[in-house]
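Colleague: what follows is a protein structure lacking sequence information:
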Ligand code: COA
């Protein structure tokens with residue numbers, strides 16, 4: 001198995017998936033590590049995430065990817081601690097002085113599309129601020145698990161901007177037009193409770209349960225056929241890309257094609273024999 005790209009601003013920890021086959025599967029936990037800047041996404045973080053996406057896509061052992069942010073460090077004597085943060089947005093200091101011509105290439109090849117385009121299941125594990133580009137990382141993941149003390153928002157309006165990492169579109173599709181419009185136009189944050197209530201967050205947990213709940217969900221996803229789960233993700237995504245009737249057809253195509261896979265034969269046989277399916281990933 002190839003080693004993941006190393007970066008001080010993106011820590012990658014690979015946790016073996018027990019009880020799965022093919023053996024050697026991993027849950028890959030990616031921790032954005034700029035706690036003193038509330039894990040804001042600067043060019044170095046973006047490059048590290050893109051590189052890690054390339055590594056994960058090309059590595060069959062990686063079953064599930066978890067995105068999270070580094071917790072605050074102990075502050076120096078006399079200084080207040082920094083708040084908990086998933087990612088407090090794109091690094092605003094990198095916006096200053098840029099023109100549209102300079103910013104465009106960065107956003108044409110942006111980190112959020114890399115995360116969105118991962119074919120494997122992705123989970124955002126959120127404890128603290130998920131703002132702007134940070135909320136867009138969470139929105140680019142398949143699932144969001146968060147604590148009540150988290151805050152989600154798209155405050156770009158307060159910078160004379162709008163979300164640029166897919167936030168307007170993904171919020172609309174996830175929450176509906178009205179809520180998306182209010183978040184984007186007001187720039188106001190909503191806490192974890194509210195985010196959970198409106199469906200922005202899949203599961204709300206206590207801070208000391210965040211890791212275990214996320215890993216429980218990751219292990220469950222990792223226990224499925226790695227091939228079939230990618231097809232499942234593609235099928236649900238088809239609902240976003242297509243008119244309804246075309247989406248139904250896309251689902252039928254994917255469903256029928258699965259009848260030619262080893263894992264479908266294995267899964268059906270295991271059910272009928274009351275056995276545990278031992279997936280081959282083919
Ligand atoms: N870009 C760059 N730096 C950021 C940042 C961002 N998006 N978010 C926070 N930081 C930095 C702060 O500048 C500060 O750095 P410093 O200690 O070197 O001065 C550090 O992170 C801590 O943030 P601070 O503002 O002191 O914490 P706070 O508890 O007072 O406020 C927030 C927390 C999240 C409300 C506030 O940091 C904030 O509004 N951040 C920007 C959010 C945003 O607009 N995101 C969208 C960007 S497109």
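Modeller: Sure thing, it's come through. Everything quoted here is computed from the prediction, not taken from an experiment.

Colleague: output the contacting helices and strands for the strand or helix carrying residue 227.
Modeller: Taking DSSP states H and E as the definition, residue 227 sits inside helix 226-241. With contacts defined as 3 or more Cβ pairs under 8 Å, 6 or more residues apart in numbering; DSSP states H and E, helix 226-241 has these neighbours: helix 244-257, helix 262-272. Every C-beta, even on glycine, is put in place using the N, C-alpha and C of the backbone.

Colleague: and the angle for the last one with helix 226-241?
Modeller: Looking back up the chat, that one is helix 262-272. 110 degrees (axes from the mean of the first three to the mean of the last three Cα atoms, to 10 degrees).

Colleague: could you list every helix and strand in contact with helix 262-272?
Modeller: Partner elements for helix 262-272 (3+ Cβ pairs under 8 Å, 6+ apart): helix 226-241.

Colleague: strands of the protein, start to end?
Modeller: 10-16, 26-32, 62-69, 85-87, 122-126, 129-131, 143-147, 151-153, 190-191, 203-205 (DSSP state E).

Colleague: out of those strands, flag the one nearest the ligand.
Modeller: strand 129-131 (4.2 Å; Cβ to the nearest ligand atom).

Colleague: check residue 2 and give its pLDDT.
Modeller: pLDDT recorded at residue 2 is 78.

Colleague: ditto for residue 252
Modeller: The predicted local confidence for residue 252 is 98.

Colleague: check the one 3 residues further on too.
Modeller: Residue 255 carries a pLDDT value of 98.

Colleague: what's the closest residue to it other than its chain neighbours in contact with, if anything?
Modeller: Counting by Cβ to Cβ, 6 or more residues apart in numbering, residue 255 lies nearest to residue 235, which is 7.6 Å off, once chain neighbours are set aside. Residues in contact with residue 235 (Cβ atoms under 8 Å, 6 or more residues apart in numbering) are 250-251, 254-255.

Colleague: contacting residues around the most centrally placed residue in the chain?
Modeller: What sits nearest the mean C-alpha location of the chain, by Cα atoms, centre = their mean, is residue 141, with 2.5 Å. Residues near residue 141 by Cβ under 8 Å, 6+ apart: 67, 115, 122-124.
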